[in-house]
Every structure is written in C-alpha cells, then in structure tokens.
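S.K.: predicted model and sequence below, questions to follow.
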Amino acid sequence: MITAFVTGATGFVGCNLVHELSDRGIGVKALVRSGADCRGLEGATFERVEGDLGDVVLLRDAMKGCHWCFHVAASYHLWLRDYAPMYAANVDGTRNVLSAAGAAGCERIVYTSTVGCVGYPKEQHGRLTPSDETAPVDVDHLAGHYKRSKWQAEQVALELAREGTPVVIVNPSAPVGPRDVKPTPTGQVIVDFLNRRMPAYLESGLNWVHVRDVAAGHVLAAEKGRVGERYILGNQEGNWTMREMFAVLEEISGIPAPKIRLPYGFVLAVAYLEEGVARITGRPPRAPLAGVQMARSKMFFDPSKAVRELNLPQTSPRQALIDAVEWFRAKGYARG
C-alpha cells in the first residue's frame, strides 16, 4: 500500500487532501502541531505525527517508508506585526521538509505553492489573457510578505528539484468548498455574504476552483507530475470577477448581492490607515494592505497544463460555491 506524509493537514487544502488520500485507500501520516484545530480531519483515517516544520530529525524519521510527501503547510497571513516567523515557516520550513523527504527516500514530493507565484494576466486589445505557468513574476512587485515568502519557498523547491530531489510543484488558485474551518480569506468572504455583512465590495477577479479538485490535483501530481514542473490547480471556467461570484452566491443563497462597488483609491487609503492603527494596537486590520493591493489586478489563470498532463478534474465553480454555502450553513458559520 502507498503511504503518504502530509504537512499542513489541519488547513483547508491539507485536510481535504487527507480525506482524498484516505478515500483512495492510501495510508496517511499527518503532521499536526500541538493544540491544532483538527475538525477538518473528522472522518478521515490517518496516523497523527505531532511536531512542527523546524524539527528536521522528526520529519526525516516520520517520513521513512513513505512513498510520497505532500508539503502543504504554510503561514498564511496578510498582516503580522512581525513577519520573521512567516519566512521561517514558509522558506526554512520548506527546505526542511523537502530535504527530509528526499533523505527519507520519498519517490515523489509535492510542494504546494500558490498562483501568487505566477505572473498576472496581460491585457491585449482590452481583454485579459489568463496566465499560465510560464508567466514571469516581477519579484519587486509581489504584494505583501506572504507572496514574497511563498515565492522564495518556490525557489527552494526548484533548486532542490534541479539537484535531483523528486519535487513537483502545484499552484492552487482560489479554492472553495467544504471543511474551511478557519475559514480562509476567500471562505470568510462567503461567510460575511451569508451573514449579510457585505454591503459593498471591491471589484477584483479570481480563478475559483473546488477544493476537492485541488486535493485530487495533489494526488495526480504525485502520480503523473514531472519533476521540477509547476502545475496551476484551477478551473478553466473559473475566472470570475467578484461581481460575477456574488451574482452566483445570490442565486444559490437567496441573499441579495452587494450593489455598491467601492473605488480602489478609497479602499487603499483606508488600508493604509488601518495598518497604521494595527501597528499600534496589534489587532489585524479588516482590510490588510497586501490584500487590497492584490485585488487591484484580476488574478485569472489557465490550468490547461494540469488538465492536459494530470487529468485535473473540473468541477464547476458554481458547484464549489454550492458546497461551500451548504457546509458553512450546516456547521453554524452562517445564519442566512
């Protein structure tokens, strides 16, 4: 039987991946931090390994005998008072995990990056062309420390792949669906909408993808992915503006979509003000500057490579939103 080691198992993508592996009859060892919220793992079969990304000896020992390693763990924050722990987790932690997996003899190592490490779409003749894995990134223009730390981590993964470590990189777009326990920033948008706490919105665009497809994409990357290659895990029909996404949510939930579109300049000014206050109080801003800056560009992506080479499933984004709404309502996140 194939055995897989999974970091970040209590996160949104990680817990759905553990369920996907478990449902396929693959043995799972899940790295879980002490005191972590494990609600997303309920119903999955796995062996718990308690520890963190800094314990290289534990990682290497726990991975012995594992065929695959999935490094999903990341520090995902758009604002922190001190970003040093984020770089330690995302960059140093990635080197620790991937190196340990290589030393332990894992046959395939899948590193979970982000489409934030792929260049933004280019506008031609008034139309946006979704980016693929070849779109270059201007590192100086990466919005926020999360993207910068993930970009640096991806360089570590590529470096180790060039040196012979069997690393495959996946770049999920904007996953939605069940088991978003925390919830993620995109999940929080849905929760706020369902609770009628979103009277206005900032227009942007994302590539919406079912989290179940993202989880399946990780397994397919281990089975079929080429070492050193990147694969966007998204949906070919999922490039929607926020306005389009809210229209679908309105149809699904019966709750009116917000009609007021906020000017970017106004929201940016508010974000600067809130960040200044946050540095004094230590309380995270409701509108983090990095998030507002990311919203300026429509993050539309083309997952054709993953569909072609990995046979990535393409569940409709509408179904992804339906499943997310049903899960949030069933778990008491939303009153609407």
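M.R.: Sure thing, it's come through.

S.K.: what ranges do the helices span in the chain?
M.R.: 12-23, 56-63, 84-87, 93-104, 144-162, 185-194, 211-224, 242-253, 264-281, 289-295, 304-310, 317-330 (DSSP state H).

S.K.: what residues of the shortest one count as buried?
M.R.: To tie it back to what came earlier, the one meant is helix 84-87. Across helix 84-87, burial judged by 16 or more other C-beta atoms under 10 Å covers Met86, Tyr87. C-betas here are computed from N, CA, C, even on glycine.

S.K.: for it, packing partners?
M.R.: helix 144-162 (3 or more C-beta pairs under 8 Å, 6 or more residues apart in numbering; DSSP states H and E).

S.K.: report the distance from the helix it packs on to the chain centre.
M.R.: Relative to the centre of its chain, helix 144-162 is centred 14 Å away, using C-alpha atoms, centre = their mean, to the nearest Å.

S.K.: mind listing what's buried in that helix?
M.R.: Residues of helix 144-162 classed as buried by neighbour count (16+ other C-beta under 10 Å): 144-154, 156-158, 160-161.

S.K.: what's the farthest-apart pair in those?
M.R.: Gly144 and Ala161 (25.7 Å; C-beta to C-beta).

S.K.: re the thing from before, any idea which of the helices of the chain scores lowest on pLDDT?
M.R.: Mean pLDDT is lowest for helix 289-295 out of these, coming in at a mean of 77.

S.K.: separation between the residue nearest to Val168 when sequence neighbours are not counted and Leu312?
M.R.: Of all residues not flanking Val168 in the chain, Gly225 sits nearest, at 3.6 Å (C-beta to C-beta, 6 or more residues apart in numbering). To Leu312, Gly225 is 11 Å away according to C-beta to C-beta, to the nearest Å.

S.K.: give the intersection of the neighbour lists for those two.
M.R.: Common neighbours of Gly225 and Leu312, counting by C-beta atoms under 8 Å, 6 or more residues apart in numbering, are Tyr231.

S.K.: re the thing from before, Serialize the helices of the chain to JSON lines and add fields for distance to Lys122.
M.R.: As requested, those are arranged in JSON lines below (distance: least, C-beta to C-beta, whole Å):
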{"stretch": "helix 12-23", "distance to Lys122": "28"}
{"stretch": "helix 56-63", "distance to Lys122": "40"}
{"stretch": "helix 84-87", "distance to Lys122": "29"}
{"stretch": "helix 93-104", "distance to Lys122": "29"}
{"stretch": "helix 144-162", "distance to Lys122": "19"}
{"stretch": "helix 185-194", "distance to Lys122": "24"}
{"stretch": "helix 211-224", "distance to Lys122": "25"}
{"stretch": "helix 242-253", "distance to Lys122": "21"}
{"stretch": "helix 264-281", "distance to Lys122": "19"}
{"stretch": "helix 289-295", "distance to Lys122": "17"}
{"stretch": "helix 304-310", "distance to Lys122": "16"}
{"stretch": "helix 317-330", "distance to Lys122": "23"}
